[in-house]
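S.K.: Here you go, sequence then predicted model.
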Amino acid sequence: MSFTLPPLPYSYEALQPYMSKETLEYHHDKHHQAYVTAGNNLLKDSGLEGKSLEEIVKGSFGKNAPLFNNAGQHYNHLHFWKWMKPNGGGDKMPGALEKAIVDGVGSIAKMKEDFVAAGVGQFGSGWAWLAVKDGRVVVMKTPNGENPLVHGATPILGCDVWEHSYYIDYRNRRPDYIKAFLDHLVNWEYVDEMFQKTR
Ligand code: MN3
């Protein structure tokens, strides 16, 4: 396979005022494109050509750092665009997903609190996650391009906390960015779609 950059599933203005057109132009067109371009170059002669993206992410982790960083970020961003939608966020979500979050984390409010704390507590660049591990929904954080796939879990929601994801709109206010992501941007139907695949 080779990596390709799909268009955003909404317009560049669609997530305003919580994520600006300028942020999406830089983040999607420049940053994600750079992971795709570098990933394709690094995939050549890596021994992982012909594998699925998930297999490349898992197969390069701890073995081929340059390829892992770019393939991991390609995976993360492919889903990140779909984990958001206009008029998203809030507490209204499919019932089975809500129940699994309550069972795993305690309550929706606790999940949001833990998710913000994970993103704020990730020193430097990385991601905050909801993931399914051993059949339970958990909150995780990872540095740089890592994701739950390489820690024995399946991601169902991720928030990019690299500065390129929020600095234009929020400057250094990372907590405000993550709260806005949860309250106004999350596409819970897509989270549920990924959750259902773990059942
Ligand atoms: Mn990013």
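M.R.: Structure's in. What do you need?

S.K.: Please work out which residue of this structure is closest to the ion.
M.R.: Of all residues in the chain, residue 160 sits closest to the ion, at 4.2 Å by C-beta to the ion. C-beta coordinates here come from the backbone N, C-alpha and C atoms, glycine included.

S.K.: Just to check, that residue is in contact with residue 127?
M.R.: Yes - with contact defined as C-beta atoms under 8 Å, residue 160 counts as touching residue 127 (6.0 Å).

S.K.: Between these two, which has more neighbouring residues?
M.R.: Between residue 160 and residue 127, counted using other C-beta atoms under 10 Å, residue 127 has the larger neighbour count: 27 against 23.

S.K.: Name the SS class of the most centrally placed residue in the chain, please.
M.R.: The residue lying closest to the centre of the chain (C-alpha atoms, centre = their mean) is residue 158, at 3.1 Å. Following DSSP: H, G, I helix; E, B strand; the rest coil, the label given to residue 158 is strand.

S.K.: picking up where we left off before, what pLDDT is listed against the residue of the chain closest to the ion?
M.R.: Listed pLDDT for residue 160 reads 98.

S.K.: Chain neighbours aside, what residue packs nearest to it?
M.R.: In space, and not counting its chain neighbours, residue 160 is closest to residue 80: 5.5 Å by C-beta to C-beta, 6 or more residues apart in numbering.

S.K.: what's the one you found sitting at in phi/psi?
M.R.: phi -60, psi -40 (degrees, to the nearest 10).

S.K.: need the contact list for it.
M.R.: 158, 159, 160 (C-beta atoms under 8 Å, 6 or more residues apart in numbering).
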